[in-house]
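Student: next one to model:
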Amino acid sequence: ASAERRNAAGARPGATRRAGVFCGHGFVAELARWHRYVLHPAPARGTKFLRRSQFNLTGLCSMLVAAPAEDDAETHGMERKHFSDDDIAAFGQDGFIIVRGLLSADETEAVSEWSDEVEHWPEVPGRHMVYRETSVFEPEKRILQRIENIYPYHDGFHALFDDDRVKGRVAELFGEPAMLFKEKINFKYPGSEGFKHHQDQAAGWWDYGTLFISALISIDEATLENGCLEIAPGDARHRHLEREWKPYSEEEIKAMPFTPVPTRPGDVILFDSFVPHGSYPNLSDKRRRILYVTYNRLAEGDHRIQYYADKRKSYPPDCEREPGKEYVFRV
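Tutor: Alright, predicted model coming up:
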């Protein structure tokens, strides 16, 4: 498998341009860590992390001058085996990197079968979390959108999320060990609305950590027609950092360099929580399943159980909802 920089049509491997440490991946995250560990050392479980209202992060970012990328893996005594210096530098600038064919055809077929198994699990309150949406083709019909919280209940997925090829790569991008934060399968059946363009950090994630990296694992082919991921890399990560629980407006989307990133089964995209991204509706006649696995720095703690407990309260899965009550998904 080869690591690639941004390219909608299949970028060249081994990008050589060195990058500075930009606010999304480096400066803002390190500022937040300083606030978390220096000003408030050893907090109790559940302590809130840095809130954007405490700092004018947009202003700070605008004053930032790019500096040479650090070799974080060597700094923390980690032996790097997945990514080159150029890969790490490219990720530091763009906030994402593509690894084509990380999973073999047989492995991808196994993940596809596991996804079918999970899809047919009976819905049980307090267990895995099943969400449906209204079809854009048939407004009177509800279709499966995504399933979350599967790590404790499926041996295959459990092993995959802990696999060094995924978790180890994330750790190298962090420059330190990683901890699983959350996981989901987006099924995106024909007629699925897609996901509004946003930054993951805006979805209340500041309550759990200062930086996250997600691994998008393509189960089916993702194309323009079925709504592949779109990413706005680089400087776009510096914008609108003050917002929370808000997707981008159409005007903001038009002002950003969003680039479609089609993927084939077994491809993986790794991107940080400041990268603007989203997808459009699936207008094809086939489903487009994507597995998202998100990690935080091990040093920032294990927040997975708390995250899902909080989500059950704020946006419960379909089988746990109160009849007659309206639930609105924000980001």
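
Student: the nearest residue to I217 once chain neighbours are set aside in helix, strand or coil?
Tutor: Using C-beta to C-beta, 6 or more residues apart in numbering and skipping the chain neighbours, the partner closest in space to I217 is L291 (4.1 Å). The way it works is simple: take the backbone N, C-alpha and C, and place the C-beta from them, glycine included. With DSSP: H, G, I helix; E, B strand; the rest coil as the basis, L291 sits in strand.

Student: and for F271?
Tutor: strand.

Student: picking up where we left off before, any idea what the residue nearest to I217 is bridged to?
Tutor: Per DSSP bridges, the residues bridged to L291 are I185, I217.

Student: that one against A222, yeah?
Tutor: No. Look at L291 against A222 with C-beta atoms under 8 Å: they stay out of range, at 11.5 Å.

Student: ok, now which ones touch the residue nearest the centre of the chain?
Tutor: The centroid of the chain falls nearest to S214 when counting by C-alpha atoms, centre = their mean (3.4 Å). Neighbouring residues of S214 by C-beta atoms under 8 Å, 6 or more residues apart in numbering: D200, L270, F271, D272, S273, Y292, V293, T294, Y295.

Student: separation between the fifth one and L291?
Tutor: In this structure, S273 and L291 are 17 Å apart, going by C-beta to C-beta, to the nearest Å.

Student: kindly report the same for the first one.
Tutor: Distance of D200 to L291, given as C-beta to C-beta: 15 Å.

Student: more neighbours: which of the two?
Tutor: L291 (24 against 21; other C-beta atoms under 10 Å).

Student: low-confidence ranges, this structure, go.
Tutor: 1-77, 236-243, 245, 331 (pLDDT under 70).

Student: tell me where it has helices.
Tutor: 28-34, 57-63, 72-75, 85-94, 105-119, 155-162, 169-174, 250-254, 304-314 (DSSP state H).

Student: which of those sits closest to L144?
Tutor: Nearest of those to L144, taken as C-beta to C-beta: helix 105-119 at 6.8 Å.

Student: contacts for the closest one?
Tutor: 103, 128, 144, 147, 150, 154, 156-157, 160, 185, 187, 217, 219-220, 265-266, 289, 291.

Student: which among the residues you listed count as buried?
Tutor: Neighbour-count burial (16 or more other C-beta atoms under 10 Å) applied to the contacts of helix 105-119 gives 103, 128, 144, 147, 150, 154, 157, 160, 185, 187, 217, 219-220, 265-266, 289, 291.

Student: quick one, what contacts H198?
Tutor: H198 sits next to K246, P247, Y248, P276, H277, G278, V331 when contact means C-beta under 8 Å, 6+ apart.

Student: which of these fall in strands?
Tutor: When the contacts of H198 are checked against strands (DSSP state E), the matches are H277, G278.

Student: which one of the contacts of H198 is nearest D302?
Tutor: Here the nearest of the contacts of H198 to D302, counting by C-beta to C-beta, is V331; it sits at 23.0 Å.

Student: which residues of the stretch 101-250 of the chain fall in strands?
Tutor: Taking DSSP state E, counting those that start in this stretch, the strands of the stretch 101-250 of the chain run over residues 129-134, 142-148, 178-186, 195-198, 212-218, 230-231.

Student: can you put the ones you listed in TSV and add distance to K325?
Tutor: Shown next, in TSV, are those (distance: least, C-beta to C-beta, whole Å):
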stretch	distance to K325
strand 129-134	15
strand 142-148	16
strand 178-186	23
strand 195-198	22
strand 212-218	30
strand 230-231	33
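
Student: so which of those strands gets nearest Y327?
Tutor: Shortest distance between Y327 and these, using C-beta to C-beta, is found for strand 129-134: 9.6 Å.

Student: which elements pack onto the closest one?
Tutor: Applying 3 or more C-beta pairs under 8 Å, 6 or more residues apart in numbering; DSSP states H and E, one finds that strand 129-134 contacts strand 142-148, helix 304-314.

Student: how close does Q93 get to V99?
Tutor: Distance of Q93 to V99, computed by C-beta to C-beta: 17 Å.

Student: re earlier: quickly compare the helices and strands packed on strand 129-134 and say which is most buried.
Tutor: strand 142-148 (a mean of 19; mean count of other C-beta atoms under 10 Å).
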